[in-house]
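Colleague: A structural model of the following input is requested.
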Amino acid sequence: MDAGFNLYADADARVRFQLVTENGDVLLASNAFENEDAAIAAIWSLREAAANGRIVDLTGVKPENHTAG
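Modeller: Residues are numbered from 1 along each chain as shown. Predicted coordinates for the structure are as follows:
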């Protein structure tokens, strides 16, 4: 199985998507959308944001300093 996005209809007949790994693990599950077009538009927005987005660490945890060995 390739990594990708799975579209599906939930119990209320609204469209949702999942981002899944090559192993089938779900990395992300979306909110519900009124229709498939809206869900696909959200996938395109997510792909753009992920490619260009920066990581903002809000945990307040400082990583330990490691030296290259």
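
Colleague: Show me the strands in this protein, by range?
Modeller: For the chain, applying DSSP state E gives strands covering 4-9, 15-20, 26-29.

Colleague: deepest of the ones you listed, which one?
Modeller: Between those, strand 15-20 has the highest mean count of neighbours, a mean of 18, where neighbours are mean count of other Cβ atoms under 10 Å. C-beta here means a position set from N, CA and C on the backbone, and glycine is covered the same way.

Colleague: How far off centre is it?
Modeller: Here the centre of strand 15-20 is set off from its chain's centre by 8 Å, with Cα atoms, centre = their mean, to the nearest Å.

Colleague: Restrict that strand to CA atoms and write it as CSV.
Modeller: Written as CSV, here are the backbone C-alpha positions of strand 15-20 (Å, rounded to 0.1, in the frame of the first residue of the first chain):
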residue,chain,number,x,y,z
VAL,A,15,-17.0,13.1,3.8
ARG,A,16,-13.8,12.8,5.8
PHE,A,17,-10.2,11.9,4.9
GLN,A,18,-7.3,10.2,6.5
LEU,A,19,-3.6,10.6,5.8
VAL,A,20,-2.1,7.1,6.0
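
Colleague: Return the per-residue confidence for Leu19.
Modeller: Note on Leu19: pLDDT of 97.

Colleague: Report the contact partners of it.
Modeller: Contacts for Leu19 (Cβ atoms under 8 Å, 6 or more residues apart in numbering) come out as Ala3, Gly4, Phe5, Val26, Leu27, Leu28, Leu46.

Colleague: hmm, 6 Å instead?
Modeller: Contacts for Leu19 (Cβ atoms under 6 Å, 6 or more residues apart in numbering) come out as Phe5, Leu27, Leu28.

Colleague: how close does the residue lying closest to it once chain neighbours are set aside get to Thr21?
Modeller: Using Cβ to Cβ, 6 or more residues apart in numbering and skipping the chain neighbours, the partner closest in space to Leu19 is Leu28 (4.1 Å). Between Leu28 and Thr21 the computed distance is 10 Å (Cβ to Cβ, to the nearest Å).

Colleague: what's the answer for Ala11, then?
Modeller: Plainly put, Ala11 is 25 Å away from Thr21 if you go by Cβ to Cβ.
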